[in-house]
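J.: from the sequence below, what's the structure:
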Amino acid sequence: MIAILVGDDRYAIEREIAAYKSRVSPQWRHFNIHRFSSNALESAIACARAAAFGDGRKVVVVEECNFKQFGETGLELLQCLGQLPETTDLIFVASAIDKRLKVSKHLLKFGKLKEFAKIPPWRIDLIAAAIGMQAKELNLHLSRDIVNYLADAIGNDTTRVESELQKLAVYASGDRLTKVQVRGLVLCMTQTNLQLAASVREGKALEMAGLLEELLARGVYPLAIAATLVTQFRTWLWVKAALQGGMKKDGEIARLCGIGNPKRLYFLRREVEGVSLRSLSHALTRLLDLEVMLKRGVKANEILPVVLQIVRGMSQAA
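T.: Here you go, the predicted model:
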């Protein structure tokens, strides 16, 4: 079996790899499970071509693949894919794949492509549906209200979803949990970060200060807070600039602004509608300065004054 696992949901990809590993005979796991960097493609292919030790299967994983960089040399090495032992599972892992490349076409001729894209963080409905399905797999009985809270609290962090659900399953021991119990066990961080960015954009000083205090009290790293704000304001700035530049098609704006899902533009248009390009530019400049300050060791209590200045600027420009 040849598999090409592609996407940004690394946790889901690792779960898929674990499923392949589970087919390897336990007493031969040390000899029959191998991981290689894409820079060691020749060694990986040589390993895949060798028969498995003992009985059972062999798993060979080639990580961080950039198929374009494989080039003609890589294509030549992959010519043997059709002759690999039936007991070998050769797995290629990549963040993306360009199906137009010769290497990609050759791989897809022999292998099965599986894509693992994270659910967009703004699609809370899809995140809630995924959490509900995983909860059922763990025999965890959660009301719709609790599932919606978990979607808000965790967001699209699949690693944390699995961890938190397992924790809740152990705590519940087959019983039903109340929302109060779940809120005490699972803290809301992801959504609070997004709310913080929105409160800054909307010029809501008191709301911003409360959310920032909450994040810092929970032990969220100041640099992580600043990075989230930078990402949000950079996206808003680019979208606003594109709209003012006369661009109308969501697909074009998404490509220009590096937005993976053009459907997100419906929400972004509304978010930047009442905000000026100048205020967004000023805010992003100050946030980048804040990020540099934090990297240089400035203490967390320096965040509030800087962000307050940004909030005042946003409210005055509104």
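J.: what are the structural domain limits within this structure?
T.: Recorded structural domains for the chain (assignment: automatic domain parsing) are 2-115, 124-185, 190-317.
J.: distance between the first one and the chain's centre?
T.: What it means is domain 2-115. 22 Å (Cα atoms, centre = their mean, to the nearest Å).
J.: do stretch 116-126 as well
T.: 9 Å.
J.: so which residues of the protein form strands?
T.: 2-6, 33-37, 58-63, 88-94, 112-115 (DSSP state E).
J.: JSON lines for those, including mean neighbour count?
T.: Glycine gets a C-beta too; all of them are placed from N, C-alpha and C. Shown next, in JSON lines, are the strands of the chain (neighbours: other Cβ atoms under 10 Å):
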{"stretch": "strand 2-6", "mean neighbour count": "21"}
{"stretch": "strand 33-37", "mean neighbour count": "15"}
{"stretch": "strand 58-63", "mean neighbour count": "23"}
{"stretch": "strand 88-94", "mean neighbour count": "23"}
{"stretch": "strand 112-115", "mean neighbour count": "14"}
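J.: dump the ones you listed to TSV, plus distance to residue 18 and mean pLDDT.
T.: TSV is the format used below for those (distance: least, Cβ to Cβ, whole Å; pLDDT from 0 to 100):
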stretch	distance to residue 18	mean pLDDT
strand 2-6	12	94
strand 33-37	11	93
strand 58-63	10	94
strand 88-94	11	94
strand 112-115	14	93
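J.: of all the ones you listed, which one is nearest residue 239?
T.: strand 112-115 (25.9 Å; Cβ to Cβ).
J.: got the contact list for that closest one?
T.: For strand 112-115, the external contacting residues (Cβ atoms under 8 Å, 6 or more residues apart in numbering) are 1, 2, 3, 4, 5, 6, 7, 16, 97.
J.: quick check: bridge partners of the third one?
T.: Read it as residue 3. residue 91, residue 112 (DSSP bridges).
J.: residues in contact with it?
T.: Contacts of residue 3 by Cβ under 8 Å, 6+ apart are 16, 20, 89, 90, 91, 92, 111, 112, 114.
J.: residue 59 is in contact with the fifth one, correct?
T.: This means residue 91. Yes. In this structure, residue 91 is within contact of residue 59 by Cβ atoms under 8 Å, at 6.9 Å.
J.: circling back to that earlier point, so can I have CSV of the strands of the chain showing distance to residue 214?
T.: CSV is the format used below for the strands of the chain (distance: least, Cβ to Cβ, whole Å):
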stretch, distance to residue 214
strand 2-6, 37
strand 33-37, 40
strand 58-63, 38
strand 88-94, 37
strand 112-115, 36
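J.: any figure for the gap between the residue of the chain most remote from its centre and residue 45?
T.: Largest separation from the mean C-alpha position in the chain: residue 54, at 38.3 Å (Cα atoms, centre = their mean). Here residue 54 is placed at a distance of 22 Å from residue 45 (Cβ to Cβ, to the nearest Å).
J.: hang on, the earlier thing: now for the contacts of strand 112-115, which pair is the farthest apart?
T.: 1 and 7, at 18.7 Å, using Cβ to Cβ across the contacts of strand 112-115.
J.: what do residue 91 and residue 59 both touch?
T.: Common neighbours of residue 91 and residue 59 (criterion: Cβ under 8 Å, 6+ apart): 17, 20.
J.: okay, and the helix or strand of the protein with the least pLDDT?
T.: The helix or strand of the chain with the lowest confidence, counting by mean pLDDT, DSSP states H and E, is helix 190-201 at a mean of 81.
J.: what packs against that one?
T.: helix 144-154, helix 205-217, helix 222-244, helix 303-317 (3 or more Cβ pairs under 8 Å, 6 or more residues apart in numbering; DSSP states H and E).
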